[in-house]
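Engineer: the following comprises the amino acid sequence and a computationally predicted model.
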Amino acid sequence: MVTQSHVILNIALLSKREKPFLHFYAFIGAVLPDLPMFIFFAVETFILRTPQRELWGSRYFMEAWQTFFDLFNAIPLILIVLGIGYYLLNSERIVVFAWSMLLHCGFDFLTHHDDGHHHFFPLSDFVFESPISYWDRDHYAGIVAPIERLVMLAASIYLFRRLKTRIARWALVIINVLFLGSYLLFFLR
Ligand SMILES: [Zn+2]
């Protein structure tokens, strides 16, 4: 799934009515698994000046980059963080953060066809090949993508009232307008 959907869906799922401060930790956990991808894009594009075609065609699949991505999408490592947060530190913030990362990995597990991560890094290099994809039209993205947007919209409506600050509410509205708007534009064309 795209990062925006992860963020909104995870915050909505992990939100607790009287604890809006937890939203921040759900946010970080939702973004972190995709962060290495943004770093990859920035380094390759702006520093190494790799042409876009090469970027996704070959550089993306280099072992070093793949390992870097895997580090942030590794269920065993996230479980260690969850265990430390729950048993050692008794920290609700870390527990929410780790759960948000797990949710991200769980949704990605189901929506990546041939571009999934090594879910159980470093224990195994198994990669699940889901029959559906959130972007690849050869694997039902034509159905999956609109569903993803609808789920995101529903999660946003649910979440809106739980956001306490005006800036958070505006951010939620803007993300939806940009994301759904660009999709509809693309779709209508
Ligand atoms: Zn992801």
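Structural biologist: Cool, the structure landed.
Engineer: from the chain, which residue is nearest to the ion?
Structural biologist: Residue of the chain nearest the ion, by Cβ to the ion: residue 108 (4.3 Å). All C-beta spots, glycine's among them, are computed from the backbone N, C-alpha and C.
Engineer: quick check: that residue touching residue 127?
Structural biologist: No: in this structure, residue 108 is not within contact of residue 127 by Cβ atoms under 8 Å, at 11.0 Å.
Engineer: which of those two has more residues huddled nearby?
Structural biologist: The residue with more neighbours, out of residue 108 and residue 127, is residue 108; 21 against 17, by other Cβ atoms under 10 Å.
Engineer: dihedrals phi and psi, that one?
Structural biologist: Backbone torsions of residue 108, given as degrees, to the nearest 10, read phi -70, psi -40.
Engineer: kindly report the same for residue 158.
Structural biologist: Torsion angles, degrees, to the nearest 10, at residue 158: phi -60, psi -40.
Engineer: and it, how far is that from residue 138?
Structural biologist: Distance, residue 158 to residue 138, by Cβ to Cβ, to the nearest Å: 32 Å.
Engineer: around the ion, which positions in the chain sit nearby?
Structural biologist: 33, 34, 108 (Cβ under 5 Å from the ion).
Engineer: switch these over to a markdown table; also include pLDDT.
Structural biologist: Below are the residues of the chain next to the ion laid out as a markdown table (pLDDT from 0 to 100):
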| residue | pLDDT |
| --- | --- |
| 33 | 97 |
| 34 | 96 |
| 108 | 95 |
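Engineer: looking at the residues you listed, which is nearest residue 177?
Structural biologist: residue 34 (21.0 Å; Cβ to Cβ).
Engineer: look at the closest one and give its secondary structure.
Structural biologist: helix (DSSP: H, G, I helix; E, B strand; the rest coil).
Engineer: grab the nearest non-local neighbour of it.
Structural biologist: residue 3 (4.7 Å; Cβ to Cβ, 6 or more residues apart in numbering).
Engineer: what's the burial count for the one you found?
Structural biologist: 16.
Engineer: so who does it touch?
Structural biologist: By Cβ atoms under 8 Å, 6 or more residues apart in numbering, residue 3 lies in contact with 30, 31, 34.
Engineer: also residue 58?
Structural biologist: Neighbours of residue 58 in contact, by Cβ under 8 Å, 6+ apart: none.
Engineer: the residue of the chain closest to the ion and residue 134, how far apart?
Structural biologist: 9 Å.
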